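A.B. asks: with the input below, show me the fold.
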Amino acid sequence: MKWKLNIRNEVKVAAALIGVSFLIAFGERKQGGSVCKDIVIELDNLNENHFLDEADVMKLVENSGQSIKGTGIDRINLKEIESKLKYDKHILDAQLFGDLKGNLIVNVELRRPIARIVQQDAPDAYIAQDGVVMPVSEKYTSRVMLLSGPFVKKLLEMEDLKRTEAGNQILDMIEFINDDKFWKAQVAQMDINAEGKITIYPQVTGQKVEFGTAEDIENKFRKLMVFYKKILPQRGWTKYERVNLEYEGQVIAE
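C.D. replies: Sure, this is the predicted structure:
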């Protein structure tokens, strides 16, 4: 009797699993064959970068070249729409899928700017956290570090700073500054000359900082902190106009 009872239980479990599989398959078939009744925009914007809003994303979807509302979701080329959405540099990622109610869900994640390229003879641009260069927006201005100087044109040409060693070095330096509470508050602007040498313009102290190229970053900022903590309090905050960190083991102040 005990052996028969176990067989009976196993049959019940197997039948239950088959039933659940059938319901899942039926639900997926129903979803795939459902007609799109509405488009729902979900904007993932944890960093509150309001370069785009739901209405902007809706326009991009509606102008994708496909008929959406009233069309079966399984007949809509979702990957193509995702690709067209990500063509907008403000958009980091886009995921489209249909729900059981017949809605097309459009989930969009925006890029986060970490620096702004400023130019006198051309439009400004932002550098995003992932290194991509993206245009400014009339709707929103992000308060981030400024980048200026002849070298920024090369950054614009890169389109993505991670494509070159020089771009990666600049990106690493920006990230280092933004990750440190003190330096993020202190560094207002980085001016980069044609050779890639950086001059930092601080927020509080009056000295311009000749940093050199974006190499040996941690050591150079360590030397600058020593200058701020030990030299300026003794000599006076306005005594020096410039401080040079380029040379190993030295801080030159004039």
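A.B. asks: residue contacts, the closest residue to Gly102 other than its chain neighbours?
C.D. replies: For Gly102, the nearest residue in space outside its immediate sequence neighbours is Lys37; the separation is 4.0 Å by CB to CB, 6 or more residues apart in numbering. Where you see a C-beta, it was placed from the backbone N, CA and C, and this is true even at glycine. Counting by CB atoms under 8 Å, 6 or more residues apart in numbering, Lys37 touches 69, 101-103.
A.B. asks: quick check: phi and psi at Lys37.
C.D. replies: Main-chain dihedrals, Lys37, degrees, to the nearest 10: phi -90, psi -30.
A.B. asks: Leu161 contacts Ile170, correct?
C.D. replies: Yes: in terms of CB atoms under 8 Å, Leu161 counts as a neighbour of Ile170; the distance is 6.1 Å.
A.B. asks: overlap in contacts, these two.
C.D. replies: Overlap between the neighbourhoods of Leu161 and Ile170 consists of Leu155, taking contacts as CB under 8 Å, 6+ apart.
A.B. asks: give me the more crowded residue out of these two.
C.D. replies: Ile170 (27 against 23; other CB atoms under 10 Å).
A.B. asks: run a quick neighbour tally on Val61.
C.D. replies: Taking other CB under 10 Å as the criterion, the count of residues near Val61 is 20.
A.B. asks: please tell me how far Leu171 sits from Trp237.
C.D. replies: With distances taken as CB to CB, to the nearest Å, Leu171 is found 31 Å from Trp237.
A.B. asks: what's the nearest residue to Ala128 if we skip its chain neighbours?
C.D. replies: Nearest-residue entry for Ala128: Arg111, 3.9 Å, with adjacent residues in sequence omitted and distances by CB to CB, 6+ apart.
A.B. asks: lowest average confidence, helix or strand, in this structure?
C.D. replies: Evaluated with mean pLDDT, DSSP states H and E, the helix-and-strand set of the chain has its lowest mean pLDDT in helix 2-33, which scores a mean of 48.
A.B. asks: next helix or strand past that helix?
C.D. replies: The first helix or strand that comes after helix 2-33 along the chain, using DSSP states H and E, is strand 38-44.
A.B. asks: what sits up against that following strand?
C.D. replies: Residues from elsewhere that reach strand 38-44, judged by CB under 8 Å, 6+ apart: 52-54, 57-58, 61-62, 68-69, 102-110.
A.B. asks: narrow the residues you listed to just the buried residues.
C.D. replies: Burial of the contacts of strand 38-44 was assessed by neighbour count (16 or more other CB atoms under 10 Å); the buried members are 52, 57, 61, 68, 102-104, 106-110.
A.B. asks: among these, which ones are in strands?
C.D. replies: 103-104, 106-110 (DSSP state E).
A.B. asks: on that earlier part again, out of the buried ones among the contacts of strand 38-44, which two sit at the greatest distance?
C.D. replies: Of all pairs drawn from the buried ones among the contacts of strand 38-44, the greatest distance, 26.8 Å, lies between Gly102 and Leu110 (CB to CB).
A.B. asks: Cys36: neighbour count?
C.D. replies: Neighbour count for Cys36, taken as other CB under 10 Å: 19.
A.B. asks: settle this for me: Thr71 is touching Val35, isn't it.
C.D. replies: Yes: here Thr71 reaches Val35: they are 6.8 Å apart, a contact under CB under 8 Å.
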